[in-house]
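S.K.: Whatever this is, show me its structure:
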Amino acid sequence: MRHVVGNFLAAAALIGLFGCRGEQPPQTPSRPETAAPAKTFEHVRGPAVAGLFYPRHQSDLSRNVDNLLAEVKSEPVKNLRALICPHAGYEFSGKIAAVSYKQLVGRNFATVILLGPSHYAAFTGAFVSPADAYETPLGMIPLSPKAAEIAQRAPFTSRVQCEVQRPSWWHQSPKDLPPFGEDAPDTWEHSIEVQLPFLQRTLKDFSIVPVVFGEVEPAQAAEKLLPFLDDQTLLVVSTDLSHYQPYEEANSRDKRCVKAICGLWADWIAGEDACGYGPVLALLEIARQKGWKAKLLDYRNSGDTSGNKSGVVGYAAIAFFDPQDTAVQAGRLHHNGNEFTAEERRFLLKLARKSVAAAVAGGKSPKEEGDVAEKFGAERACFVTLTKRGALRGCIGSILPEEPLQQAVISRAKAAAIDDPRFPPVAADELKDVDIEVSVLTLPKRLEFATPQELLEKLRPGVDGVVLRVGTRQATFLPQVWEQLPNKRTFLGELCRKAGLPESAWMKPGASVLVYQVEAFKEE
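M.R.: Next up is the predicted model:
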């Protein structure tokens with residue numbers, strides 16, 4: 001199962017203002033008022049969502065964007081290289097987008113490459129518009145000469161065979177059609193268009209390369225874009241996050257997704273986490289090869305901006321920058337063999353023991369301590385497992401890094417003692433019989449397989465920890481679980497049950513598996 005990304009037309013007619021689907025606008029807009037063009041262009045991609053996602057009159061749009069930029073704060077990020085921005089209607093995601101675009105105030109970029117997902121067209125490839133310019137109510141934006149060059153490098157193309165489904169908010173009469181490219185993937189597409197007014201109000205003398213992703217291998221797209229990325233070129237990726245989840249669930253899902261994006265953990269991002277899944281993965285591959293780092297600027301959802309928290313859409317503003325420090329790019333999260341010395345293992349186990357004892361006594365958790373603390377300053381994922389006379393008594397951890405290892409051991413040990421929902425809290429008189437094990441994880445990697453049989457063949461009992469994801473459900477077993485469940489089918493079946501799924505769910509289309517390894521050590 002490769003990272004091939006596509007979109008589904010079944011949802012296209014439901015596209016609305018606050019996410020990739022939603023409430024239909026009250027009316028179809030007339031032709032928007034536009035600024036007088038400074039230059040005549042032969043082929044122009046006209047505005048499709050002016051009056052829907054943003055104001056259609058030049059003066060109103062300028063005022064709207066300028067007010068949004070004035071209302072937000074965004075500490076400048078040095079050596080800015082790329083931005084992730086949402087693409088909902090401005091009333092829902094405009095403030096979050098403004099946080100990203102405020103980074104451009106006072107900067108100069110000659111070219112902006114925009115990557116957005118397709119919501120209305122089903123096709124293979126990444127479509128680069130053959131237009132000479134894009135138009136918004138604020139005027140014309142010329143396409144960069146780089147657009148034609150990129151379009152000649154597969155999977156990029158300016159000619160595609162596609163099935164286009166017009167969104168329901170456009171009437172069928174010809175007068176309502178945008179003036180260029182009726183059957184093109186970008187004819188109705190809002191994911192790129194809504195970014196343009198912000199660019200027009202923050203940059204001067206720039207050109208664009210608008211790219212709409214269909215079914216694309218993100219790594220291949222990244223490879224072809226790399227030669228075009230210089231200090232005068234900005235990369236903008238357009239995406240919203242989770243869609244129509246309850247408010248708290250959306251916050252939880254989006255937090256994981258943002259964490260994965262900022263950690264450049266492409267294997268941990270699924271299609272349901274971000275509608276711009278393909279462009280995001282392409283950006284992460286570019287960032288990995290360029291050595292860029294990412295910084296979250298803002299996260300909110302439509303419940304925060306509109307007040308309706310029953311089914312929300314998530315929005316994030318994320319900046320990517322060049323740290324210009326090769327030491328930062330060492331990839332500290334990956335490790336092989338025994339990373340920790342005997343002394344370091346004893347230190348972490350002692351810390352876990354103190355945390356468990358404090359939790360049972362109702363006291364404060366121990367603080368980070370000792371010169372050894374520098375060793376554990378990097379964020380790492382870990383589990384702390386408690387057993388009593390060989391039987392499980394509690395086990396809590398995280399699959400992805402969330403905090404420095406030393407603090408992670410403290411918090412996971414406390415949670416294993418008193419917060420594991422499967423067991424009552426550990427009592428004081430049990431402490432002498434409880435044994436502690438710490439497991440430090442590598443970063444999960446997607447396991448590619450085409451059939452259930454191939455999955456079985458690739459799994460390594462006793463070596464691989466396994467994360468199973470089916471839709472919005474997921475569960476994991478540490479490698480130590482293979483000792484109790486050595487049969488691969490039984491192992492996966494029990495993992496399905498842990499996720500609240502039928503035992504055969506791992507064999508169904510749409511199931512994905514990630515694997516990781518651990519360095520585990522117990523008290524002597």
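
S.K.: Please count neighbours and contacts with C-alpha atoms only from this point.
M.R.: Noted.

S.K.: now the helices for the stretch 401-524 of the chain?
M.R.: 405-418, 452-458, 488-498 (DSSP state H, counting those that start in this stretch).

S.K.: Using TSV, lay out those together with mean pLDDT.
M.R.: Putting the helices of the stretch 401-524 of the chain into TSV (pLDDT from 0 to 100) gives the following:
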stretch	mean pLDDT
helix 405-418	94
helix 452-458	95
helix 488-498	95
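
S.K.: closest one to Arg81 among those?
M.R.: Closest approach to Arg81 among those (CA to CA): helix 405-418, 29.7 Å.

S.K.: The nearest residue to Ala97 once chain neighbours are set aside: neighbouring residues, count only.
M.R.: Of all residues not flanking Ala97 in the chain, Cys85 sits nearest, at 5.3 Å (CA to CA, 6 or more residues apart in numbering). Neighbourhood size, Cys85 [other CA atoms under 10 Å]: 28.

S.K.: what pLDDT does Cys85 get?
M.R.: The pLDDT attached to Cys85 in the predicted structure is 97.

S.K.: again, but for Ala48
M.R.: For Ala48, the predicted pLDDT is 89.

S.K.: by contact count, what packs against the lowest-mean-pLDDT helix or strand in the chain?
M.R.: Within the chain, no helix or strand scores below strand 163-164, which has a mean of 72 by mean pLDDT, DSSP states H and E. On a contact count with 3 or more CA pairs under 8 Å, 6 or more residues apart in numbering; DSSP states H and E, strand 163-164 meets strand 121-122.

S.K.: which other helices and strands contact the strand or helix carrying Leu115?
M.R.: Assigned by DSSP states H and E, Leu115 falls within strand 111-117. For strand 111-117, the elements it packs on are helix 190-193, strand 207-213, strand 233-238, helix 277-290, judged by 3+ CA pairs under 8 Å, 6+ apart.

S.K.: what mean pLDDT does the shortest one have?
M.R.: Just to be clear, that refers to helix 190-193. Per-residue pLDDT over helix 190-193 has a mean of 95.

S.K.: contact partners of the helix or strand following that helix?
M.R.: Note on helix 190-193: by DSSP H and E, the next helix or strand toward the C-terminus is helix 196-202. In this structure, residues lying in contact with helix 196-202 by CA atoms under 8 Å, 6 or more residues apart in numbering are Leu61, Ser62, Val65, Asp66, Ala98, Tyr101, Lys102, Leu104, Val105, Gly106, Thr136, Leu138.

S.K.: Compare those and tell me which has the most neighbours.
M.R.: Counting by other CA under 10 Å, top hit in the contacts of helix 196-202: Ala98 with 28 neighbours.

S.K.: May I have the predicted confidence score for that residue?
M.R.: 97.

S.K.: Compute the distance between it and Phe53, please.
M.R.: In this view, Ala98 and Phe53 are 15 Å apart by CA to CA, to the nearest Å.

S.K.: Likewise for Arg353?
M.R.: As judged by CA to CA, Arg353 and Phe53 stand 55 Å apart.

S.K.: And for Val360?
M.R.: 54 Å.

S.K.: Looking at those two, which is more packed in?
M.R.: Neighbours were counted for Val360 and for Phe53 using other CA under 10 Å; Phe53 has more, 23 against 19.

S.K.: Would you mind stating the distance between that one and Gln245?
M.R.: From Phe53 to Gln245 the distance is 22 Å (CA to CA).

S.K.: Equivalent analysis for Ser306, please.
M.R.: In terms of CA to CA, Ser306 sits 15 Å off from Gln245.

S.K.: out of these two, which sits in the busier spot?
M.R.: A direct count of neighbours by other CA under 10 Å for Ser306 and Gln245 places Gln245 higher, at 16 against 13.

S.K.: count of residues packed around the nearest residue in space to the more buried one that is not next to it in sequence?
M.R.: Spatially, and ignoring its direct neighbours in sequence, Gln245 is nearest to Gly311 (4.9 Å; CA to CA, 6+ apart). Residues within reach of Gly311, counting by other CA under 10 Å, total 17.

S.K.: Relative to Asp254, how far out is Gly311?
M.R.: For Gly311, the distance to Asp254 (CA to CA) stands at 14 Å.
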